[in-house]
Each structure stands twice: as structure tokens, then as C-alpha cells.
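Undergrad: any chance you can model this:
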Amino acid sequence: MIGEVVAAMTVLLVWLHVLAAVAWIGGTIFLSVVLAPLVRSHKAAPEFMALFRLAARRFRVVVWSAVALLLATGPVLLHQRGLSVLSPIGWPQVLRIKLGLVAVLLLLTVAHDLLLGPAVRRISALSVGARTRWEQTLVCLASWVPRVGVLLALGVLFAAVMLARS
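TA: A predicted model of the protein is given here:
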């Protein structure tokens, strides 16, 4: 009986972990590969930019909820595999790679949401001619961060599949 409850809890934890990852990665891919190019192709239409900003703002709640869920379920799932969060000794190499990619992805997400996003919103209010070279660089960099994030997220997903199959 206890074994069945533990097995059911494990399935629930894995499901929540995968659901959070799918929400984060899927939404990131949609915004970066579908919505952002659509907005860029209609630069003259302010309603497209407003749609993108609204979607990105709402997605931020999904991202940070997913991150919280991943950070809550991940250590428990590690523990269930007999691995300690506090001691990476004995961790499979693919797990180290996955967690390294996750760390970089989290740093990029924090930088994008807390630093680049607000800066770009402020800079976007300026005319292109009034922007400094640094401000133009920031705007360009801000458009590449989500693209790099998509690649990192796909790497995390690949590592997760490798880990699940090991």
C-alpha cells in the first residue's frame, strides 16, 4: 500500500515537473519563433507590438510559476533517484549538464525580465536618432536573449530525455 502511494506521488511529481517544463519551453518557443517574427514583420502596426508586450507580460507569470514548480519538484525527484541536491558526487554527467543549462537559462531569464526588458521599454520610448550606441546595442542584445534561451531550453529538454532514458 505505501509503495503504491509513493509510486503515485512520484508519477504526480514527474507530471508536474514535465508540465512546468513544457509550459516554459513551449511558451518560449511560441513567443520567439511565432509571435516575435510576426511583430517584426509588421513594425508599422502598433497593435502588433501591444499584443506582443501583453502576451510577454502574461507569459512572465507562467515562466516564474513554472520555475517555482521546477525548483520544488526537481530536488524531490533527485532524492527519489538516490541523489543528494547538496552533494553532486555520483551525479550522472548528463544531470550535471542539464542543471548547468538550467542555471544559465535562469540567469538569462532573470537578466531579460529584470534588466533588459525594463531598459528596452525605456529606450523604445526614444526616437532611434536619440538613442546612444549603448542603448542601440541593448535593444539588439535584448532580441537575441530569448533566441539563446530557446536553444538552451531545447538543450535542457534533450538532457532531460537522456536522463530519463538512463
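Undergrad: how far away is the nearest residue to residue 149 once chain neighbours are set aside from residue 13?
TA: The spatially closest residue to residue 149, leaving aside those adjacent along the chain, is residue 108, at 5.2 Å (CB to CB, 6 or more residues apart in numbering). The way it works is simple: take the backbone N, C-alpha and C, and place the C-beta from them, glycine included. To residue 13, residue 108 is 26 Å away according to CB to CB, to the nearest Å.
Undergrad: for residue 85, grab phi and psi.
TA: phi -70, psi -30 (degrees, to the nearest 10).
Undergrad: gap between the closest residue to it other than its chain neighbours and residue 113?
TA: Leaving aside its chain neighbours, residue 85 sits nearest to residue 75 (4.4 Å; criterion: CB to CB, 6+ apart). Separation of residue 75 from residue 113 (CB to CB) stands at 23 Å.
Undergrad: does residue 126 belong to a helix, a strand or coil?
TA: coil (DSSP: H, G, I helix; E, B strand; the rest coil).
Undergrad: mind checking how far the most centrally placed residue in the chain is from residue 77?
TA: Centroid check for the chain by CA atoms, centre = their mean gives residue 24 as the closest residue, at 5.2 Å. Note on residue 24: its distance to residue 77, by CB to CB, is 16 Å.
Undergrad: give me the element the residue nearest to residue 149 is part of.
TA: Assigned by DSSP states H and E, residue 108 belongs to helix 93-110.
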